[in-house]
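[1] My questions are about this predicted structure, shown below with the sequence.
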Amino acid sequence: MEKPVPVRRDAGLREDGVTEMNTHVAEDNIREGVDRETIETVQAMAGKYKYGWETEIPTEYAPKGLNEDIVRLISEKNGEPEWMLDWRLKAYHRWLEMKEPRWAMLNYPEIDYQDQYYYARPKSMAEKPKSLDEVDPKLLATYAKLGIPLKEQALLAGVEAPEGERKVAVDAVFDSVSVGTTFKEELKKAGVIFCSISEAVREYPELVKKYLGSVVPQSDNFFATLNSAVFSDGSFVYIPEGVRCPMELSTYFRINAENTGQFERTLIIADKGSYVSYLEGCTAPKRDTIQLHAAVVEIVILEDAEVKYSTVQNWFPGDDEGKGGIYNFVTKRADCRGDRAKVMWTQVETGSAITWKYPSCILRGNDSQGEFYSIAIANNFQQADTGTKMIHLGKNSKSRIVSKGISAGKAQNTYRGQVSVHPKATGSRNYTQCDSLLIGDQCGAHTVPYIEVRNNSSRCEHEATTSKVDEDQLFYCRSRGMDEEEAVALVVNGFCKEVLQALPMEFAMEAQSLVAISLEGSVG
Amino acid sequence: MALPQVKQDALAARIAGLSLDAKGWAANARATAAERLAAQGLPVRRDEYWRYTDPSSLTKPEVSGAAPDLAPSFAALDAVKVVFTDGVFDAGASDDLAAAGIELLSQADADIHWAQGLYGQLEARGQNPVERPLATLNTAYAREGLLIRVTGKAAKPVSVIYNQKSASSDVILHYLVKLEAGAELTLLESGTPGARFNTVLEVDVASGAKFHHIRTQGPDAERRGVTHIFAHIADNALFKSFTLTAGGRLTRNEAILEITGDDSVAHVAGTVMGDGKDFLQDDTIFITHASERCESRQVYRKVLKNGATGVFQGKILVKQGAQKTDGYQMSQSLLLDEDAQFLAKPELEIYADDVKCSHGSTSGAIDETALFYLQSRGVPKRRAQALLVLAFLAGVLEEIEDEAIAAEVQARLEDWLHGLTD
């Protein structure tokens, strides 16, 4: 049966003998070797910030502004015991005496901390749903639209997941509350606790009391202290001794309500010899007012345990003129308390108008290991000041830093990092590589490393380079028929390869396409 | 923002014994510097820029430090000798300055002097974005120094020789060098200026001019000093500064270079040998690229032993439009024992896209395999260590262009190294 076939690139074999390639391809828009699905996926991504929509859902707010009553209110809404409230109030009073740090290479107007809502939750969440079946379908739809699977039944039945695909347990946080956590039962069988932090405060007070604030103390820094006072929700993970977490854990943060700050707190405890891989994703609607996000992540790693923490941060970066966007002030720290403990931070920072974030490793145990892999992309008017701290306290501790910063448009991108080797941390090793790539002559790329070596048996190496996108590579890609933006995206993905490889598979795919989207409009 | 009380107090105590020279062509520059200083106060340990070096012994009013017995570094070279003993010009030991076109700051009393619009100007420009109050203090209170203006290629290098006799001399010297278009000068410095010293060298390098600066510091036990170089570099020009440092308690060498003309080259380099808990040596560099196709290099190597501390704070700033900049920065240290430490902050700040900037920083012990190789060839361990240390440090001497001077510095380096590796 004769069917009209799509005209392909091998059209040179047509009867009329016309050999040009370009003229006729457009009608169908399909190139050789590229199937329709890929093209549709790419087109779907082409809308710049893809997650800028808003869910219309009745939301209840705490009164605007911050005072002791708000702190009490948040604590009450979470049904917290007295000790937790005291802990928050202590942090709040400390915060009142602190000054906002301004040492970062970030230029932003004064933040009015009284002009924010510190608590917002969908009305339907007033009564905590007992299972995902009871969750407002609108919320579930929000996550479905974001591509976050909250339908564990379907996954379990194998309907959506092809054979062999890894399962990921998700804790979904919407504005100030946790919507639901999937695969709880299955995790419980393995002894793993994965729930919202508010639930953990109620159900596992001993663990929370013991570890909360032990890595990032209440008075650590301005933003961490603010978080300690007003954090509303977040995730809690406990992996018992010797357990390898049967699936990857993931938290998905969504800011939906306007003028609302999100202050989530994550606490991960990996007991002796355990292992967990944890993923974090975040998005927010497009708005032209700024929104505040000040999170704290604490990770405690005991002897022989290993934690991998991967983030794809894609908060709304503001529009092309630099209006709006999320101000992202995050304190993340892992404490390798036991010998041979290991932590690996991987981050892809593409969103936020302002990024202030330094995931750190305290390498307290002997032979402990810390790794930090980062891609930070700043386009348009975005500003990022990000990096890591490697504090070597244990003997033979090892750390590795690979940071790739990309600046385009009028953006400023700073790597700020510290490697500190204490006198007793003999035989330690650090390797740092930070590369910056500049696209266009209006942006900036900066490197501010601190290297402090206090004994001689440790070796530290630091390398940094700054360059622009290689013209030869671009030319090659163009000569193969790529348009300029595709070519830049490919070259930049190549530049970031080492970091992308450190990400879990699914994240790596998402990150690659994010790299392309974030750079849209930066060339030409 | 109001100046913190501790900075005000430090300043008041420090300048109590000093007086401003209110006469002559430099009076204005001194008075403005004093005003700037009042707004800055003196540095304290809490300042980010003094993160690794405690400035208190450089700022406190009391001074003490036994005079060393040093052999001059560049004695064999044919040069115009200028000798300062405890900061005072020693005419008897010096060559004829007038014949070489050199003026003493204290005796340059012309009403309208070429230096009038320049004295303190480069220093003032170098106060942004980071304040350097000790240099401001120098401009305001320096009573002695040299004014050198070069039009062609200088026939001989100018060799400044310092002698310390008093254990309580507190020396402030200010140098101003102006190289007119196409001129060339080599400036040498050696010896210890005083029990404590503060020197500022302002260099204006005009189009096509070349300036070479080579200095040795030490090897003395008690030296406490801070030096600043402020250079302004025009197009097609060359600026090179090299410092060899050994011994002393606290030495902070700052270099603030601003390249404003196209196609110029600026290098700063140093080798450092530090021994003992009391030793701290700090190189703080800030190079600004404001023009196209310029090259800058920062190369520092330090060998540290017995709890000595080496500090390197280097920065390359590439301004918008400074395309085709080639910036390079390398700081390395060799730690000879468990107590030695190396603290570094190598920074890049870049606002132009078509640039090549890189920096590296390493620190560690002597390479055991290299040591083993030499020993397996019959070289005794100590000798092998000394060889490896020498090889590590001597690499930087390539930064000195003049072969005779480089040989002289290498001889000093080898001499002084004996004390460290034996």
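    Structure received. Numbering: from 1, shown residues only, chains lettered A, B, ... in the order given.
[2] ok, and the helix or strand in chain A with the lowest average confidence?
    Ranked by mean pLDDT, DSSP states H and E, the helix or strand of chain A with the weakest confidence is helix A:152-156, at a mean of 41.
[3] Next up, the contacts around the residue in chain B positioned nearest to chain A.
    Using Cβ to the nearest Cβ, residue B:335 is the residue of chain B that sits closest to chain A, at 3.3 Å. The way it works is simple: take the backbone N, C-alpha and C, and place the C-beta from them, glycine included. The contact partners of residue B:335, by Cβ atoms under 8 Å, 6 or more residues apart in numbering or on different chains, come to A:453, A:455, A:456, B:304, B:305, B:341, B:342, B:363, B:364, B:365.
[4] Over to residue A:220?
    Counting by Cβ under 8 Å, 6+ apart, residue A:220 makes contact with residue A:331.
[5] what about residue A:403, which helix or strand?
    For residue A:403, the host element (DSSP states H and E) is strand A:398-408.
[6] Can you show me the CA trace of that strand as CSV?
    The C-alpha trace of strand A:398-408 is given here as CSV (Å, rounded to 0.1, in the frame of the first residue of the first chain):
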residue,chain,number,x,y,z
LYS,A,398,40.3,13.2,51.0
SER,A,399,38.3,15.8,49.1
ARG,A,400,37.7,16.6,45.5
ILE,A,401,36.1,19.7,44.1
VAL,A,402,35.0,20.1,40.5
SER,A,403,33.2,23.3,39.8
LYS,A,404,32.0,24.5,36.4
GLY,A,405,30.6,28.0,36.2
ILE,A,406,28.9,29.4,33.1
SER,A,407,28.0,33.0,32.7
ALA,A,408,26.0,34.5,29.9
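[7] need the next SSE after that strand, C-terminal direction.
    strand A:412-421.
[8] Quick check: next helix or strand after that next one?
    strand A:429-439.
[9] mean confidence for that following strand?
    For strand A:429-439, mean pLDDT rounds to 92.
[10] counting contacts, what elements does whatever helix or strand comes next after it pack onto?
    As assigned by DSSP H and E, the chain's next helix or strand after strand A:429-439 is strand A:444-453. Here strand A:444-453 touches strand A:398-408, strand A:412-421, strand A:429-439, strand A:459-468, strand B:341-350, strand B:356-364, going by 3 or more Cβ pairs under 8 Å, 6 or more residues apart in numbering or on different chains; DSSP states H and E.
[11] Recalculate using a threshold of 6 Å.
    Judged by 3 or more Cβ pairs under 6 Å, 6 or more residues apart in numbering or on different chains; DSSP states H and E, strand A:444-453 is in contact with strand A:412-421, strand A:429-439, strand A:459-468, strand B:341-350.
[12] weakest of the ones you listed in terms of mean pLDDT?
    Across these, strand A:459-468 gives the lowest mean pLDDT, at a mean of 88.
[13] Quick one: distance of it to the chain centre.
    Relative to its parent chain, strand A:459-468 has a centroid offset of 24 Å by Cα atoms, centre = their mean, to the nearest Å.
[14] So what are the sheet partners of that strand and their directions?
    Strands adjacent to strand A:459-468 in the sheet, as given by DSSP bridges, are strand A:429-439 (parallel), strand B:356-364 (antiparallel).
[15] Chain neighbours aside, what residue packs nearest to residue B:239?
    Among residues not flanking residue B:239 along the chain, residue B:266 sits closest, at 4.4 Å (Cβ to Cβ, 6 or more residues apart in numbering or on different chains).
[16] In chain A, where is pLDDT below threshold?
    Across chain A, residues meeting the criterion (pLDDT under 70) sit at A:1-48, A:127-132, A:147-167, A:176, A:179, A:506, A:522-524.
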